[in-house]
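Q: Fold the following, please.
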Amino acid sequence: MNATLTAIPSAIPDPAQRRPKGALAGIAERLAGLLPAPGWVRVEWQQASLGRGSETSAAEAAGDGGQRYVWTGPEGAALAVTAQASAGADPAALERWHAGARALLEQAVQLELSGIRIESLLRSELLRQALYEIADLAGSSLELPVMLRRVHAIVGELMYAENFYIVLYDDRRQTMRFLYFVDQLDPYVNDPDQDIPLTDDGVSLTVHLLRTGETLRGPSAELRELHGIPRSEASGPDSADWLGVPMSRDERVAGALVVQNYRQANVYTEDDRILLAYVAQHVLTALERRGARKRLEVRVAERTAELQRANEDLQAEVFERKRVQEIQRALFRIAELSMTSESLGHFYAEIHDTVSELLYARNFYIAMLSEDSSMLEFPYSVDERDIDRKPRKPAGGLTEYVLQTGKPLLADRERIAALQAEGKVRSYGSMAHCWLGVPLLRDDKVVGVIAVQSYSPDVQFNVRDQDLLTFVSFHIGSSLARKQAQDRLVQAHASLEQRVSERTRELAEANAELVEQIGERMRVERKLIHQTLHDTLTGLPNRVQLLERLARAIATAEHDPHACFAVLFMDLDRFKLVNDSVGHAVGDELLVEAGRRIVGSVRGDDLVARLGGDEFAILAEGLDGPGMAEELGCRVLAALSSPVWVAGRELFPSASVGIAMWHSRYRSGEEMLRDADAAMYRAKGDGRDRCAMFDEEMHKEAMRSLDMEMDLRRAIQAERFVPYYQPIVRMDTGEPVGQEALLRWRHEQHGLLVPGEFLDVGEESGLIEQIDWLMYARVIADVATHPGLGYVAMNVSPRHFRSPDFAGRLLALMEDAGVSPARLRVEITEVALLDDAPRTLESLALLRRHGVLAQLDDFGTGYSALSYLHRFPIASLKVDRSFVAGLDGENSAESVAVIRAIVALATSLGIELIAEGVETRHQRDRLVELGCTYAQGFLYSPPVPLPAG
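A: Take a look at the predicted model:
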């Protein structure tokens with residue numbers, strides 16, 4: 001309490017000091033209220049997170065005075081309390097007050113620090129989630145406008161982004177496109193496909209950002225004045241704070257992202273700039289992936305054209321089946337209407353709706369002959385042109401023609417004109433482009449007509465529509481008769497009491513028919529419900545029923561801590577081969593047999609479901625533990641492994657099974673199916689025909705891959721990839737003739753990493769191409785500054801040869817650096833040659849014409865086909881290190897034979913031969929004896945960086 005504290009002056013703090021808030025707000029008043037005698041209190045504090053602040057009670061006396069206590073509080077906080085009590089206060093009471101004041105102030109500081117930490121953690125979590133969502137969007141298949149709106153929403157959660165736009169830039173054509181534009185004040189409406197040419201007269205902040213690639217932040221008026229940009233109405237209103245970052249790729253500006261605030265200055269911070277720059281790179285990645293996806297879609301479309309043609313017949317059959325189902329539903333509906341319609345008018349309207357589900361019926365009417373056949377009445381009519389159809393005496397219209405002939409009539413304008421010319425019909429009302437009418441029968445007698453017509457040449461009825469409407473009309477006629485009978489029964493019952501018994505009998509007959517129809521409907525409904533919950537091919541429960549059972553099991557397990565159940569997810573190994581080789585019919589039979597075997601191998605209460613294709617799932621409840629689930633999976637695999645005869649062929653099915661055990665973290669059946677599916681893929685990766693249990697390591701592995709991808713992106717931006725060089729020497733003299741450039745990553749936490757530790761993540765994420773181009777630029781720069789290196793061989797991934805501009809881009813790098821193409825070689829594998837042979841041959845030939853030679857790496861481990869050595873311009877073969885290592889082993893004779901054959905092949909074709917992985921003198925001597933000229937390996941030098949300077 002008597003310690004001194006120079007960090008807190010006793011003077012009254014200036015207004016710039018931090019105002020108290022939270023637990024510190026009102027602390028001086030509270031302490032003043034606890035003084036044993038009237039007086040005043042001043043409280044002061046200073047700490048890294050709290051800042052510097054003070055508070056004084058309202059009763060402070062003017063001027064200095066009071067006793068001041070200074071000490072160090074929680075987490076190094078410098079604290080001070082100055083108190084002045086009125087004369088006559090008890091000193092012992094003041095001492096007790098000082099101890100209590102110290103404890104109360106320290107408690108308030110601790111609470112305030114805890115609040116600050118919680119706020120910081122919440123902000124960090126929000127930022128992490130936003131970055132994850134942005135990274136996920138960059139790799140998604142969403143349409144571009146949808147993805148950009150979601151990016152806008154995510155940015156808006158982290159910073160003020162009510163005014164936000166994305167612009168693309170073509171530095172070669174000097175044009176820009178506003179891909180996305182949302183602004184509160186600027187009425188400009190962007191066209192994402194419109195290229196806007198850039199001129200010297202139309203310079204704006206956006207144009208300056210695109211041309212210079214310089215991030216801009218601050219009030220727009222100050223930024224224009226700083227960069228000499230004149231004010232232009234076309235640039236939109238000035239903003240109080242403006243932030244724009246470039247989208248760059250390979251040191252070229254490809255566009256920009258801009259946010260602005262019209263009301264408040266100094267809104268955007270350095271953290272906002274870094275975040276927006278990160279978003280910009282992800283948006284650019286998404287655009288590039290979208291272009292690649294379009295090219296892939298073209299290739300997929302070409303390859304699927306054959307399947308589409310094969311599916312045409314199946315589609316036709318499916319369409320026909322759906323058509324039959326629609327007709328059946330319509331007939332059930334018509335039969336039901338005859339019993340449930342409130343009136344004939346309602347019955348006719350429902351008939352119209354039912355017919356509209358089967359064919360074009362925008363213009364529809366029902367014509368009926370009166371009881372004495374003297375008048376043609378229209379009890380129901382809906383028409384675009386003839387709104388009101390009046391009753392008329394039967395004449396020579398199209399409707400009368402159908403009544404007279406008792407046959408359907410399908411007529412277009414030419415047919416109608418021909419019938420008029422023959423004097424068989426005359427036209428009433430508006431002329432239709434196509435007219436279709438069918439007779440309504442009652443007891444084999446024509447009593448009316450159902451007609452539909454079209455006034456547009458785009459809608460034409462056909463014979464199929466005629467047959468359909470004719471078929472439906474029979475059921476409409478009988479249902480209409482039943483409806484009219486019901487109406488007559490009601491009328492007769494109201495007016496003729498004496499005929500109750502007769503009408504009752506008729507009603508009983510009608511009720512019997514209704515009961516029969518209801519029974520039929522219930523049977524159909526039960527059938528439809530069964531089809532909804534079961535697979536049509538195997539008869540097993542489907543995904544819907546499985547998820548319902550899983551939901552019930554999870555709901556029960558949430559209240560039962562001893563519950564134990566599992567989901568087993570499996571699919572048949574190499575099932576696609578069966579379909580492609582012996583046909584889908586055989587594949588279907590195999591699926592049925594597989595389902596039967598799975599059901600036969602599980603317990604009676606277990607649920608076996610087919611999820612689609614060759615995927616099955618088992619819900620096993622009441623388990624003792626994971627061992628019981630694995631035993632069940634092995635039992636299923638054993639049942640499936642027995643040979644099966646299908647369509648005269650003996651097949652040997654197998655499956656891979658993934659198991660997910662119940663855990664309280666699951667909230668839905670979909671989550672358990674997802675994890676079981678992941679475990680199934682682990683089983684496939686381990687060799688198929690086996691079980692794999694989902695564990696947390698699988699989830700952690702996915703998170704590690706995601707973290708590695710994020711590290712790779714940051715490393716690309718920071719250019720942390722460097723080349724290491726391993727010399728290629730003449731074995732007879734030991735003098736180096738060239739170097740091989742090998743990729744290394746200087747990781748911030750893990751130190752120097754070799755490609756095997758991150759290459760798979762780079763390949764999956766598509767980042768390897770960016771990494772490679774960074775490497776190529778570094779290697780070419782090293783070659784330009786170190787003339788003594790000899791030639792340098794660079795490894796080229798097969799994916800580069802899929803790009804038509806690879807060779808041109810590489811040659812341009814060399815030309816810009818002033819490096820002779822003869823000093824560089826590209827090193828490729830056999831896979832690269834055969835992945836896209838025509839395009840690879842074109843790229844290698846272009847490089848060869850300019851002097852860049854090609855080396856074939858790992859020769860002897862791939863296809864080793866002689867044909868590509870003749871077709872492709874290969875200058876050097878590299879004998880794989882496995883054969884060189886074999887020279888020291890027990891099976892050295894095999895390695896000698898292979899190397900001798902490769903030497904003979906290279907000699908006959910005039911190709912250089914380089915032995916990789918030479919580590920011992922014995923290997924070197926044997927290679928020299930076999931005729932190998934060049935070598936590289938640890939015997940001569942490990943890969944090392946170039947010396948500084």
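
Q: Identify the residues contacting Asp183.
A: 163-165, 236 (Cβ atoms under 8 Å, 6 or more residues apart in numbering). C-betas here are computed from N, CA, C, even on glycine.

Q: Widest-spaced pair of those?
A: Phe164 and Gly236 (13.0 Å; Cβ to Cβ).

Q: so of the contacts of Asp183, which ones are in strands?
A: If you go by DSSP state E, those have 163-165 in strands.

Q: Return the member of those nearest to Ala432.
A: Using Cβ to Cβ, the ones in strands among the contacts of Asp183 come closest to Ala432 at Tyr165, 52.8 Å.

Q: Let me see the contact set for the closest residue in space to the closest one that isn't next to it in sequence.
A: Nearest residue to Tyr165, sequence neighbours excluded (Cβ to Cβ, 6 or more residues apart in numbering): Phe181, at 4.2 Å. Phe181 makes contact with 165-166, 188-190, according to Cβ under 8 Å, 6+ apart.

Q: on that earlier part again, out of the contacts of Asp183, which is nearest to Ala221?
A: Among those, and counting by Cβ to Cβ, the member closest to Ala221 is Gly236, at 12.5 Å.

Q: and the gap between that closest one and Asn266?
A: 20 Å (Cβ to Cβ, to the nearest Å).

Q: who has more neighbours, the two?
A: Gly236 (20 against 11; other Cβ atoms under 10 Å).

Q: I figured the more buried one hits Tyr188, correct?
A: Yes. If you go by Cβ atoms under 8 Å, Gly236 and Tyr188 touch, sitting 6.5 Å apart.

Q: thought Gly88 was touching Ala37?
A: Yes. Contact criterion Cβ under 8 Å: Gly88 and Ala37 qualify, at 6.7 Å.

Q: Buried residues of the one helix or strand His152 maps to, list them for me.
A: For His152, the element it lies in under DSSP states H and E is helix 144-158. For helix 144-158, the neighbour count (16 or more other Cβ atoms under 10 Å) marks 147-148, 150-152, 154-155, 158 as buried.

Q: for that helix, packing partners?
A: helix 91-138, strand 163-170, strand 175-182, helix 270-340 (3 or more Cβ pairs under 8 Å, 6 or more residues apart in numbering; DSSP states H and E).

Q: Can you name the next helix or strand after the last one?
A: Same thing as helix 270-340. helix 344-356.

Q: Just the buried positions in that next one, please.
A: 347-348, 350-352, 354-355.

Q: what distance separates stretch 97-106 from the middle of the whole chain?
A: Its chain's average C-alpha position is 58 Å from that of stretch 97-106, according to Cα atoms, centre = their mean, to the nearest Å.

Q: Kindly report the same for stretch 659-678.
A: From the chain centre to the centre of stretch 659-678 is a distance of 20 Å (Cα atoms, centre = their mean).

Q: Extract the CA atoms of that stretch and return them as PDB.
A: In PDB, the C-alpha atoms belonging to stretch 659-678 read as follows (Å, rounded to 0.1, in the frame of the first residue of the first chain):
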ATOM      1  CA  ILE A 659     -18.800 -47.900 -39.400                       C
ATOM      2  CA  ALA A 660     -19.900 -44.900 -37.300                       C
ATOM      3  CA  MET A 661     -20.700 -45.500 -33.700                       C
ATOM      4  CA  TRP A 662     -23.300 -43.400 -31.900                       C
ATOM      5  CA  HIS A 663     -21.800 -40.400 -30.100                       C
ATOM      6  CA  SER A 664     -23.500 -37.500 -28.300                       C
ATOM      7  CA  ARG A 665     -21.900 -35.000 -30.800                       C
ATOM      8  CA  TYR A 666     -24.300 -36.300 -33.500                       C
ATOM      9  CA  ARG A 667     -27.400 -34.200 -34.100                       C
ATOM     10  CA  SER A 668     -28.800 -35.900 -37.200                       C
ATOM     11  CA  GLY A 669     -28.700 -39.200 -39.000                       C
ATOM     12  CA  GLU A 670     -27.100 -37.400 -42.000                       C
ATOM     13  CA  GLU A 671     -24.000 -36.700 -39.800                       C
ATOM     14  CA  MET A 672     -23.700 -40.400 -38.900                       C
ATOM     15  CA  LEU A 673     -24.100 -41.400 -42.500                       C
ATOM     16  CA  ARG A 674     -21.400 -38.900 -43.500                       C
ATOM     17  CA  ASP A 675     -18.900 -40.200 -41.000                       C
ATOM     18  CA  ALA A 676     -19.700 -43.900 -42.000                       C
ATOM     19  CA  ASP A 677     -19.200 -42.900 -45.600                       C
ATOM     20  CA  ALA A 678     -15.800 -41.400 -44.800                       C
END
